[in-house]
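Participant: Got a sequence here, can you build the structure:
(2 chains)
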Amino acid sequence: MKSLKYTFIALVFVSDITLANLTLENAWVRAVPINSEKMSAYGLLKNTSMSSFNLIRIEALGFKKTQIHQSQMEKEIMSMKELKNLIIKANSEIELTPGGKHIMLQSPMKIFKVGDSVELLLFFESNYEEKVIRVNVPVKREAS
Amino acid sequence: MDKKPELISGKLLSQPLSIKPFDLINQYQEDFDKEDLKNKWSILFFGYTNCPDVCPTTIYKLSEIQKKLGQEKELNDDFQVILITLDPKRDSVSRLKEYLAFFGPSLIGLTGDDSEIRKIASNLSVYFEQVGEEKQYDFNHTASIFLIGPEGTVIASFSPASKSEELTQDILNIIQ
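Facilitator: Residues are numbered from 1 along each chain as shown, chains lettered A, B, ... in the order given. Here you go, the predicted structure:
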């Protein structure tokens, strides 16, 4: 049922966006041991358009919950907080990186191993419209 | 007097810090105490297996360093990497075994009574605090990486954000 929903959304919106202008490049999901409740996705969000894009929601196929998170260190203490949204200004980029901003994937419904991929749907607002891009992100031990 | 090495990724303690007695168990259900830190070099850090970002990043980095030091410097038996869980409620012996086997065969995971974990955390000035929902909670915690010398005392601490190559070089500068 969920995949049907994804398909519908993708058909409606993907044609709305020039994908070349807004991309998630060099994306990867860190492989983790089995029975782990959380995984993280990283990459470079790149906006080469003249408009800003507001990342408001992410869905990941095979996970119950997906959030934008930021790890931060202050006086050697690492903490993490949820970000409600992420604005990528015109002609700018935001790096999603270990120890920094990242996509947190919670409660996997199957085992994701090295070599598998995770389908991400990134929902943006721009010029009062919702846009979505879909990215298949490989599961790796480390960024290559 | 020997000149102290200058570190890129951390700092040498002005005085080695003694480890007070503690009583934990490793992922093979064997007792582990302060005596197990003696006569070898140890890298020690605190984390938890449900940590999605910083802990797996650090463990991966440290397992690579351990491999490198083992292959190039033949330090296999004289160098151990230890994770002490801050989450003994979820991180059982079997969970630690399953989790660490993914990253490398030689990594050591320690769990035990909450009071024993608090004892060594306090000894090393490691702060931790549980945050979040009932089942999906996380920890804000000191993420420093500690180097313990053959005397069983803490000699240096490093930032978890350090690059693997810098950490390796700093560790080599101290132990060689």
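
Participant: ok, which stretches of chain B are helices?
Facilitator: B:54-73, B:93-103, B:114-123, B:164-175 (DSSP state H).

Participant: could you give the mean pLDDT of the longest one?
Facilitator: Looking back up the chat, that one is helix B:54-73. What helix B:54-73 shows for mean pLDDT is 88.

Participant: from the chain's centre, how far out does that helix sit?
Facilitator: 11 Å (Cα atoms, centre = their mean, to the nearest Å).

Participant: ok, now the last one?
Facilitator: The gap between where helix B:164-175 is centred and where its chain is centred comes out at 15 Å by Cα atoms, centre = their mean.

Participant: Can you tell me which helices and strands it packs against?
Facilitator: strand B:10-18, strand B:41-47, helix B:54-73, strand B:145-148, strand B:153-158 (3 or more Cβ pairs under 8 Å, 6 or more residues apart in numbering or on different chains; DSSP states H and E). For the C-beta atoms, the positions are set from N, CA and C on the backbone; glycine is no exception.

Participant: does chain A sit close to the fourth one?
Facilitator: Read it as strand B:145-148. No. Strand B:145-148 does not reach chain A (Cβ under 8 Å from any Cβ of the partner chain); its nearest approach is 10.1 Å.

Participant: That strand pairs with which strands?
Facilitator: Each strand paired with strand B:145-148, and its direction, by DSSP bridges: strand B:41-47 (antiparallel), strand B:153-158 (antiparallel).

Participant: partners of the most centrally placed residue in chain B in the sheet?
Facilitator: Taking Cα atoms, centre = their mean, the centroid of chain B lies closest to B:L44, which sits 1.8 Å from it. Using DSSP bridges, the beta-bridge partners of B:L44 come out as B:I82, B:F146.

Participant: Isn't it up against B:L107?
Facilitator: No. At 11.6 Å, B:L44 and B:L107 do not qualify as touching, with contact defined as Cβ atoms under 8 Å.

Participant: hang on, the earlier thing: mind checking the helices of chain B for the one nearest to A:R134?
Facilitator: helix B:54-73 (25.7 Å; Cβ to Cβ).

Participant: Which positions in that closest one come out as buried?
Facilitator: B:54-66, B:68-70 (16 or more other Cβ atoms under 10 Å in any protein chain shown).

Participant: Where does pLDDT dip in chain A?
Facilitator: Scanning chain A for pLDDT under 70 picks out A:1-20.

Participant: Which residues of it lie near chain B?
Facilitator: Going by Cβ under 8 Å from any Cβ, the residues of chain A near chain B are A:30-40, A:69, A:71, A:73, A:76-80, A:98-99, A:102, A:104-106, A:141-142.

Participant: what about residue 101, neighbour count?
Facilitator: Because you didn't say which chain, this covers chain A. 18 (other Cβ atoms under 10 Å in any protein chain shown).

Participant: not quite, I wanted chain B
Facilitator: Using other Cβ under 10 Å, the number of residues around B:A101 comes to 14.

Participant: what's the answer for A:E129, then?
Facilitator: For A:E129, the count of nearby residues is 10 (other Cβ under 10 Å).

Participant: Which stretches in chain A count as strands?
Facilitator: A:22-30, A:38-47, A:53-60, A:63-74, A:77-83, A:86-88, A:92-96, A:101-108, A:117-126, A:129-140 (DSSP state E).

Participant: could you say what helices and strands the shortest one packs with?
Facilitator: For strand A:86-88, the elements it packs on are strand A:38-47, strand A:53-60, judged by 3+ Cβ pairs under 8 Å, 6+ apart.
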